[in-house]
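# need coordinates for the below:
(chains A and B)
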Number of protein chains: 2
Amino acid sequence: MLSTTPRTTLGRKKHRAVTDRSALHEVLDEGLICHLGIVRDGVPLVLPTGYGRDGDTLYLHGSTGAASLRTAAHGLDVCVTVTLLDGIVYSRSVNNHSMNYRSAVIFGTAKPLEAEAKMHGLKVLTDHLAPGSWEHAREVNAKEFAAVRVLALDLAEASVKMRAEGPDDEPEDVGADTAWAGVLPVRTVFGAPEPSADLSPGWTVPPHVAGRE
Amino acid sequence: MLSTTPRTTLGRKKHRAVTDRSALHEVLDEGLICHLGIVRDGVPLVLPTGYGRDGDTLYLHGSTGAASLRTAAHGLDVCVTVTLLDGIVYSRSVNNHSMNYRSAVIFGTAKPLEAEAKMHGLKVLTDHLAPGSWEHAREVNAKEFAAVRVLALDLAEASVKMRAEGPDDEPEDVGADTAWAGVLPVRTVFGAPEPSADLSPGWTVPPHVAGRE
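Numbers count the residues shown, from 1 in each chain, chains lettered A, B, ... in the order given. Below is the predicted model:
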């Protein structure tokens, strides 16, 4: 079960909350980027960031645009949100239009990693961004390893919300039958791989890229 | 030109900043959801939210899970981020893996709207979420109008960042030629419309849904 601290308890639409750890993992594993929120100079800052999950730890790229992320030696209060948009819900009334989605919201203190833990975090981040690349590409050297920052965030305080259904119309609007109602699915897909302009001609696209789904 | 206040000036990778208002508009118009950051009880909260743009005003659905958004009578400091993921960049080294993306980050005070301004905001939100539905679906009635909240955010303080290029490999890695390099495009697409289970059989999918791209 996911924790239900006051800040992860939903104020409304409680039926959309999912208190199931496997649902949390599924959203995090399917997403490609997260939105990382921090407080800087008293105001919010939200940045898109790469991430990866291993068990109940979320790893974050700390080399983002926010200096506070790079300099937080003892950790930083963050809110990390991953959202998957699944569909546009067309209802018979403007007011009942909605979206189908799955979202995970995680609160906690993101802590910088060092040594083996940092290397493990880099592998998890790479496996999430580009599965197979950790084995295929040239490994991280000492200089690169020193320059990169990896933060870890415990998944202890997290919630999942989702909507996955058709239009929720008023009975009188269904009866009036004056508008179409349904769902337009939204999907994220990969296109055909585009080899680098300077790639030598002998290469074919390797299976970990060509077969990615 | 976009403003360059200290908080929208990038600390690194300055070449990725785009100080062009049309680029800001393009990112906002292409995205479907934003991530809205606020500070609540001193810590960040990031929630996915519907939005729409008209000129240099961003309209936000205020009926989200955060009570502070619904009760902020005089406005609330927010950071709104819209991110379009365009590709996974496979480099010859693990360290140079990256993402192609376009993101807009907006800072400001989101203010609740009333009366005509609120109705206009609802139209802009609807036109963004579901173009054509404002004309096609049943209009908002007085009770629905009273219950909904719409916030407006000025686009005065905004920045756009993007990466739209192939791998940026070290010359020695290009020379070694031991790994594939290129970009795997990522796209958001609409699937085939799914009529509501309770839709009467005479309907065909209307053009504003069937033809959406």
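# next SSE after the worst-scoring helix or strand of chain A on mean pLDDT?
Across the helices and strands of chain A, mean confidence by mean pLDDT, DSSP states H and E is lowest for strand A:17-18: a mean of 60. Secondary structure here is assigned by DSSP states H and E; on that basis, the next helix or strand after strand A:17-18 toward the C-terminus is helix A:21-30.
# flag every buried residue along that next one.
Judged by neighbour count using 16 or more other CB atoms under 10 Å in any protein chain shown, the buried positions of helix A:21-30 are A:23-28. C-beta coordinates here come from the backbone N, C-alpha and C atoms, glycine included.
# check stretch A:33-47 too.
Along stretch A:33-47, these residues count as buried under the neighbour rule (16+ other CB under 10 Å): A:33-40, A:43-47.
# now do that stretch: distance to the chain's middle.
Relative to its chain's centre, stretch A:33-47 lies at 15 Å (CA atoms, centre = their mean, to the nearest Å).
# longest single helix anywhere in chain A?
With DSSP state H setting the assignment, residue counts place helix A:115-129 as the longest helix in chain A.
# neighbouring contacts of that helix?
In this structure, residues lying in contact with helix A:115-129 by CB atoms under 8 Å, 6 or more residues apart in numbering or on different chains are A:29, A:32, A:50-54, A:59, A:61, A:113, A:133-134, A:140, A:145, A:148, A:150-152, B:88, B:94, B:97, B:99.
# ok so, going back, nearest to chain B, out of the buried residues of helix A:21-30: which one, please.
Within the set of the buried residues of helix A:21-30, residue A:27 lies nearest chain B; the separation is 11.5 Å, counting by CB to the nearest CB.
# so how many other residues sit close to the residue lying closest to that closest one once chain neighbours are set aside?
Ranked by CB to CB, 6 or more residues apart in numbering or on different chains and with sequence neighbours excluded, the top spatial neighbour of residue A:27 is residue A:104, at 4.3 Å. Here the count is done by other CB atoms under 10 Å in any protein chain shown, and residue A:104 has 28 residues near it.
# what's the angle between the helix or strand where residue A:104 lies and helix A:21-30?
With secondary structure defined by DSSP H and E, residue A:104 is part of strand A:98-112. Per axes from the mean of the first three to the mean of the last three CA atoms, to 10 degrees, the angle that strand A:98-112 makes with helix A:21-30 is 90 degrees.
# export strand A:98-112 to PDB, keeping only CA atoms.
In PDB, the C-alpha atoms belonging to strand A:98-112 read as follows (Å, rounded to 0.1, in the frame of the first residue of the first chain):
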ATOM      1  CA  SER A  98     -11.900  15.600 -19.300                       C
ATOM      2  CA  MET A  99      -8.700  13.700 -19.800                       C
ATOM      3  CA  ASN A 100      -7.800  10.100 -19.200                       C
ATOM      4  CA  TYR A 101      -4.400   9.900 -17.500                       C
ATOM      5  CA  ARG A 102      -2.300   8.300 -14.900                       C
ATOM      6  CA  SER A 103      -0.100  10.300 -12.700                       C
ATOM      7  CA  ALA A 104       2.300   9.700  -9.800                       C
ATOM      8  CA  VAL A 105       3.300  12.300  -7.300                       C
ATOM      9  CA  ILE A 106       6.200  11.700  -4.900                       C
ATOM     10  CA  PHE A 107       7.300  13.900  -2.000                       C
ATOM     11  CA  GLY A 108      10.600  13.600  -0.200                       C
ATOM     12  CA  THR A 109      14.100  14.700   0.200                       C
ATOM     13  CA  ALA A 110      16.300  14.000  -2.800                       C
ATOM     14  CA  LYS A 111      19.900  13.200  -1.700                       C
ATOM     15  CA  PRO A 112      23.000  13.300  -3.800                       C
END
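# tell me the strands beside it, with direction?
strand A:76-90 (antiparallel), strand A:150-154 (antiparallel), strand A:157-163 (antiparallel) (DSSP bridges).
# now residue A:168, nearest residue through space, not along the chain?
Distance criterion CB to CB, 6+ apart; nearest residue to residue A:168, sequence neighbours excluded, is residue A:96 at 5.9 Å.
# show me the shaky parts of chain A.
Counting by pLDDT under 70, chain A shows low-confidence ranges at A:1-19, A:64-66, A:68, A:70-73.
# my read: the residue nearest to residue A:168 touches residue A:167, true?
Yes: counting by CB atoms under 8 Å, residue A:167 is a contact partner of residue A:96 at 6.3 Å.
# the more surrounded of these two?
Neighbours of residue A:96 and residue A:167, each counted by other CB under 10 Å, are more numerous for residue A:167; the result is 24 against 18.
# over to that one: give its phi and psi.
According to degrees, to the nearest 10, the main-chain angles of residue A:167 amount to phi -60, psi 150.
# residues in contact with it?
A:89-92, A:96, A:98, A:181-183, B:196.
# burial count for residue A:195?
Residue A:195 has 19 neighbouring residues, counting by other CB under 10 Å.
# helix, strand, or coil at the closest residue to residue A:193 other than its chain neighbours?
Of all residues not flanking residue A:193 in the chain, residue A:205 sits nearest, at 4.7 Å (CB to CB, 6+ apart). With DSSP: H, G, I helix; E, B strand; the rest coil as the basis, residue A:205 sits in coil.
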